[in-house]
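Novice: Okay, sequence plus prediction incoming.
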Amino acid sequence: MQLKLRLNNEDSPVAEKRVKQAVERKKAVTETMDEAWQRIFAMKNSETDRQRLTEVKAAVASGVIGRHPADVGRRFSKAEALRLWRELQDKQREETLRRMVEQTPPNYWLITDERKLDELLRLLDGEDEIVFDVETTGTDVWKDRIVGHVITAVKADIHAYIPTRHKTDHPQLPNDYVVQRLKPYYENESLGKLAHNAKFDIHMLAREGVDLRGLTWDTQEAMKILNENEPSFALKRLVTKYLGIQSYTYGDLFGKTSFGDVSDLRLALAYAAKDGDVTRKLRDFQRNHLRRFPEMLAYYESVEVPLIKTIVHMESTGYDIDTEYAARYGNRLKVEIDQLHKQLTDVLGDINIDSPLQLKPALSRAIGERLESTDAKKVLKPLAHKYPIVQTLLDYKAKVKLYSTYINVLPDLIDERTGKLHANFNGNGAKTGRMSSGGDGGDGGSVNLQNQPKDARKLFVAPPGYVIIGADWSQQEYRCLAYLTGEPLLVNAYREGKDVYSFMASRIFGVPYEECGDGTDYRKKAKVGLLATVYGTSKYTLALQLGVSVDEADKFLKDLFASMPVVVKWIEGNKRFVRKNGYVWMDKKQRKRRLPDAKNPQAERWQRSRAERQATNAIVQGSAAIQTKVSMNAIYRWCMEKQAQGRDFKMWCVVHDESLILAPDDVTREEVQEYERLMLESYKFGDIPLKTDVEMMYRWGQSVTVDEWFRGIRPEK
DNA sequence: ATTGAGAGCCAC
DNA sequence: AAACGTGGCTCTCAAT
C-alpha cells in the first residue's frame, strides 16, 4: 500500500516537475557558463537561433550585456539567451540610431520645403541617371502608401530624402505636390534609373499616377545574375558583404515600426538616403563584374531589366475571380469532404485524418499492412484497388487539397480597391532563371499563379468585354534540347513536323512510326524516357515509373541513349564541364548556373551527382526560360503599342512555357496572328522550328481554337 | 500568437 | 543518404 502510494506520488506531474527543478538547480550550481553554452549549442537550433545565440555569447563575454540578477540562481536556458538577444537588439538599436543621426554626411539632404526641392531638381537637370527608392507604410503594393521619396543625384553625389506622409510635427511637403514635381523626372526615359527591387517602387509610384520610365539597373536582379546562390538578396546584406559598408536592415533599426511612424526626420534621412547612396555604389561594383562577361551584361540589360516593367504590368492587370462559381463549387466540395471524412473516421477511429503522424498507424491497422508513409502517389495509389478505404482516403485528400489551397482561398484574395486578385511574380524566382510566383500576399494570404490545378483555373475569368488568349510553346524544352545538342533524331523529328515521342519510340523499339501513335505504349515509354534523360533519372526510379524491372529499365535507358548518341555525348560534356568549372552556361553564355558541389572535393558523392544532374537540367530549363522572358517583353511592348492605338491588350499570366493575354472580345484574326508571331519569332532556337497552340477562352482552361472562335463558336462562360 | 521544420501535393 | 529538375502553399506539430 505504502509502495503504491509512493509510486503514485512519483508519477504525478507535480512531483515530476519538482524533481526536474531540483535537477536544474543542481545543474545551475555545478554548470559553468561555458558548459551552459556548450549544452545550448548542442541543441537542434534553427539557423537564426544559432546566429542570435552566437551574438549573445559574444555580448555576454565582452560585458556588453549581462544576466538579470533574478535569473542568476537558475540554470541558463536557451530561452533566457534569446531574451537577452532581444535586449541586446534594443540596446544596440538605440545606440546605432543615435550614431547614425550624429554621423549623417553633409551630402545627405533632408528636403522639407520648396526651396530645397527646387535646388535638388536643378541638380537632376544635369544628371544622366538617378537612384530612386520610395519609403512606404509597408510592403503590400496594393494597400500600402508612399511616405517619402529617396532620390540620389549620381554625378553630384547628393542623396536626398523627401518625407511626405510621416506622422510628425516637423513640417514636410505634401505627397501630391512632391509627386507632381518629381513626375517629369520619374517619367523621363532618357534619365536613367537605378533601384534595388525596382518592381516594388514602380508599383508604389504607379499608385500615385507615375509611370516610371528609363529603368537601367536593378541591384537585386543583377545579384541574381551574378550569384544565384546568394543566401540573401537584401540590399543591406549585399552592401555589407560586397562593399564592406556596415549597413543595418530595416528590422534591425526599426523593428516592426512603419516608416511613416518615424517622427524624427533626421533619423528618417540618415536611414533612407543611405539606401540611395549604397545602391549606386553596389551598381558600380556589379557592373564592373558583369563587364567581364559581355553576353551576361547584355542579357541582363536587354532582357532582365525590361522584364521588371513587364511583370509590373502583368501583376497590375490582375485576375477576375468568379466568386459565385467559387461559392457553389466550394460548398459542394465541403459537403463531399464532410461525407468522406465521416466514412474515414468510421473506419479509422476518431483521429485527425490530415495528420500523417496519426493517419499512418490508423490506416496500417485498418488494412492490416505496414505502411512506409501515407504518400498518395507512392504508397496509397497502388493499394487503392485492394482496399476501398484507401480509395476513399485518396478522394478525400484530393478534395481537401483542391478546397483548402485553391477554391476556398482565391475569393478572399481579391483586393477591395481594384476588385481583382493580384499575384506576385518573381522574375528570377528559380536558380535556373525561371520565374516563380507566390509570396508577398500582404496580410498573410498569397497565391501561386503557376500551380493552379485545372479545376481551380475555372475560377479565373475574363473581365466583361474581354477574351483570354493563351499560347503555349509546344515542347519548349525538347526543342531547346534539339537546338543545344543538334541531335539528329530530335532535329529531324522537329524539321519534319513529326511527333517527337512517336519518332523516338519508332527508333528505340525498331517499330514503324505509324505504330507509335498517340496512346500507344511505345510512345508513352519514349515520353517518360526523354524526360528521364534530361532530368538524369536513375534506372531504379525509371523502373518504378514504367512499372518494369530494374534490368528492363536499364536496357530501355541503354536503347534510348543508343538512339540519341549526340545527346548522351552532350550530357557527358556538361558533366565534365561542371566538374572542372563549378558552373554551366545557358544559351549563348547569357546566364550561368553555379554548382560548386560539382567541383568540391569535400562534397559527398551524392552531392556531386546531384550537381551533375542539375547541370544538364539547368542548361535546358534556363535556356527555355530565356525564350519565355524575351517573348514576354516583346508581348508587353506589343500590348503598349496596341493600347496606343486604342486597343486594350494586356498581359495576364505566364506559366513557364505558356503565356496568356487579355484581348478585347472583338479581337481580329490579324491581331491573334500578331500575338502568335511574337511567340514564334521573339527568340529562336537556331533553326529548330517552333510551334505554339493558341486557345481562346472566357474561363481559364475552357477554350475553343482560333478557327472555331472566328467561325463564331464561343467557349463556355 | 508566432515561428520553423517536415510531410504532402499542386504546377511546368 | 539518395536514387528526377525547378518552384510555392497548407497542414500538423513542437518550441517559444
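Specialist: Good, I have the coordinates.

Novice: Distance of the closest residue to residue A:164 other than its chain neighbours relative to residue A:61?
Specialist: With C-beta to C-beta, 6 or more residues apart in numbering as the criterion, residue A:164 has its nearest non-adjacent residue at 3.7 Å, and that residue is residue A:175. Yep, even glycine has a C-beta here, placed from its N, CA and C like the rest. With distances defined as C-beta to C-beta, to the nearest Å, the gap from residue A:175 to residue A:61 amounts to 48 Å.

Novice: cool, and residue A:619?
Specialist: Distance check for residue A:619 against residue A:61: by C-beta to C-beta, it reads 49 Å.

Novice: Equivalent analysis for residue A:397, please.
Specialist: Taking C-beta to C-beta as the measure, residue A:397 and residue A:61 are separated by 52 Å.

Novice: Residue A:456 now?
Specialist: Relative to residue A:61, residue A:456 is positioned 54 Å away (criterion: C-beta to C-beta).

Novice: For those two, work out which one has more neighbours and name it.
Specialist: A count of neighbours by other C-beta atoms under 10 Å puts residue A:456 above the other of residue A:456 and residue A:61, at 21 against 12.

Novice: before we move on, which element is the more buried one in?
Specialist: Residue A:456 is part of helix A:454-457, with elements assigned from DSSP states H and E.

Novice: Determine the set of other helices and strands touching that helix.
Specialist: In terms of contacts (3 or more C-beta pairs under 8 Å, 6 or more residues apart in numbering; DSSP states H and E), helix A:454-457 is packed against no helix or strand at all.

Novice: contacting residues around it?
Specialist: Helix A:454-457 is contacted from outside by A:402, A:406-407, A:410, A:699-701, using C-beta atoms under 8 Å, 6 or more residues apart in numbering.

Novice: Quick check: the two most widely separated of these?
Specialist: Taking C-beta to C-beta as the measure, those span a maximum distance of 16.6 Å, between A:402 and A:699.

Novice: nearest to residue A:677, of the contacts of helix A:454-457?
Specialist: Comparing every one of the contacts of helix A:454-457 with residue A:677 (C-beta to C-beta), the shortest separation belongs to residue A:700, at 23.3 Å.

Novice: Where does the nearest residue to residue A:144 once chain neighbours are set aside sit: helix, strand or coil?
Specialist: Distances taken as C-beta to C-beta, 6+ apart place residue A:138 nearest to residue A:144, at 3.9 Å, with adjacent residues excluded. Local secondary structure at residue A:138 is given as coil here, using DSSP: H, G, I helix; E, B strand; the rest coil.

Novice: can you count the residues close to the residue in chain A positioned nearest to DNA strand B?
Specialist: In chain A, the residue that lies nearest DNA strand B is residue A:376 (2.8 Å; C-beta to the nearest atom of the strand). By the measure other C-beta under 10 Å, the count of residues near residue A:376 is 15.

Novice: ok, now residue A:579?
Specialist: A total of 16 residues lie near residue A:579 under the criterion other C-beta under 10 Å.

Novice: Excluding residues flanking it in the chain, which one is nearest it?
Specialist: Of all residues not flanking residue A:579 in the chain, residue A:598 sits nearest, at 5.3 Å (C-beta to C-beta, 6+ apart).

Novice: List the contacts of whichever residue of the stretch 201-350 of chain A sits closest to DNA strand C.
Specialist: Of all residues in the stretch 201-350 of chain A, the one sitting closest to DNA strand C is residue A:228 (7.5 Å; C-beta to the nearest atom of the strand). Counting by C-beta under 8 Å, 6+ apart, residue A:228 makes contact with A:428, A:431, A:433, A:592-594.

Novice: what comes into contact with the one helix or strand residue A:677 maps to?
Specialist: In this structure, residue A:677 sits in helix A:669-681 according to DSSP H and E. Applying C-beta under 8 Å, 6+ apart, the external contacts of helix A:669-681 come out as A:469, A:471, A:473, A:631, A:634-635, A:638, A:642, A:647, A:649, A:659, A:661, A:663, A:690-692, A:694, A:696, A:706, A:710.
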